[in-house]
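>>> no sequence on hand, only this structure:
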């Protein structure tokens, strides 16, 4: 009796492990489509790339929306360290500008494909919309802390306007426009952002 239970338990554990591996393969496949610029691939295409049967994919996920939500959340968890800004608010004005620009460029380069997919799905998926809103707020408050010495030099009304401008200049949307619409190189984007912050912030 005991050996039979042990075999059944091992079989169950094996099925769970296989299910977990297959789900991961499907999520990886979907993320690879995002990185290639295909933001809304078919379930069949994702299944083919993952090596998981279409029938199995529909057992693991309700639909492409659920699959996309899980992929986006996993990717965000994996790159959360890029949102960090060590020594925030310390150092010279130039160093703080350089540090923030370097962080935002690195973050953009890593999150851009998945961020596009997130923005595409946000109007229809509250979990993704809430996540985007939280990250935007975090980055806005981060830039205000980074440049608190300069912002505190300004009258309140002007401080609000400059803080808003800094947030816009360093946003994903600004970098997306520079990279995709203006076709600027990464180095040129960094130069534009640095120059903009230097002109916006009092010295």
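Perfect, I can see it now. Since we're looking at a predicted model, the values are computed, not measured.

>>> from here on, just use CA atoms for contacts and neighbour counts.
OK.

>>> next up, the contacts around the residue nearest the centre of the chain.
When the chain is reduced to its mean C-alpha position, the nearest residue by C-alpha atoms, centre = their mean turns out to be residue 111, at 4.1 Å. Counting by C-alpha atoms under 8 Å, 6 or more residues apart in numbering, residue 111 touches residue 79.

>>> who are the packing partners of the helix or strand harbouring residue 72?
Taking DSSP states H and E as the criterion, residue 72 maps to helix 64-78. Counting contacts by 3 or more C-alpha pairs under 8 Å, 6 or more residues apart in numbering; DSSP states H and E, helix 64-78 is packed against helix 2-35, helix 93-121.

>>> list the buried residues for it?
Buried positions in helix 64-78, judged by neighbour count with 16 or more other C-alpha atoms under 10 Å: 64, 67-72, 75-76.

>>> list the buried ones in stretch 103-110?
Of the residues in stretch 103-110, 103-105, 107-108 count as buried by neighbour count, 16+ other C-alpha under 10 Å.

>>> on that earlier part again, pLDDT and distance to residue 23 for the buried residues of helix 64-78 - can I get that in TSV?
TSV is the format used below for the buried residues of helix 64-78 (pLDDT from 0 to 100; distance: C-alpha to C-alpha, whole Å):
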residue	pLDDT	distance to residue 23
64	78	13
67	86	9
68	84	12
69	86	13
70	88	10
71	87	10
72	84	14
75	85	14
76	84	17
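
>>> which one of those is nearest to residue 146?
Each of the buried residues of helix 64-78 was checked against residue 146 using C-alpha to C-alpha; the closest is residue 76, at 22.6 Å.

>>> what about the closest one, distance to residue 165?
When distances are taken as C-alpha to C-alpha, to the nearest Å, residue 76 and residue 165 turn out to be 26 Å apart.

>>> then residue 85?
Using C-alpha to C-alpha, we find residue 85 at a distance of 20 Å from residue 165.

>>> dump the buried residues of stretch 103-110 to TSV, plus distance to residue 124.
Shown next, in TSV, are the buried residues of stretch 103-110 (distance: C-alpha to C-alpha, whole Å):
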residue	distance to residue 124
103	30
104	27
105	28
107	25
108	23
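
>>> domain-wise, how is the protein divided?
2-76, 79-200 (automatic domain parsing).

>>> mean pLDDT lowest where, among the ones you listed?
Of all the domains of the chain, mean pLDDT reaches its minimum on domain 2-76 (a mean of 80).

>>> no more questions from me, cheers.
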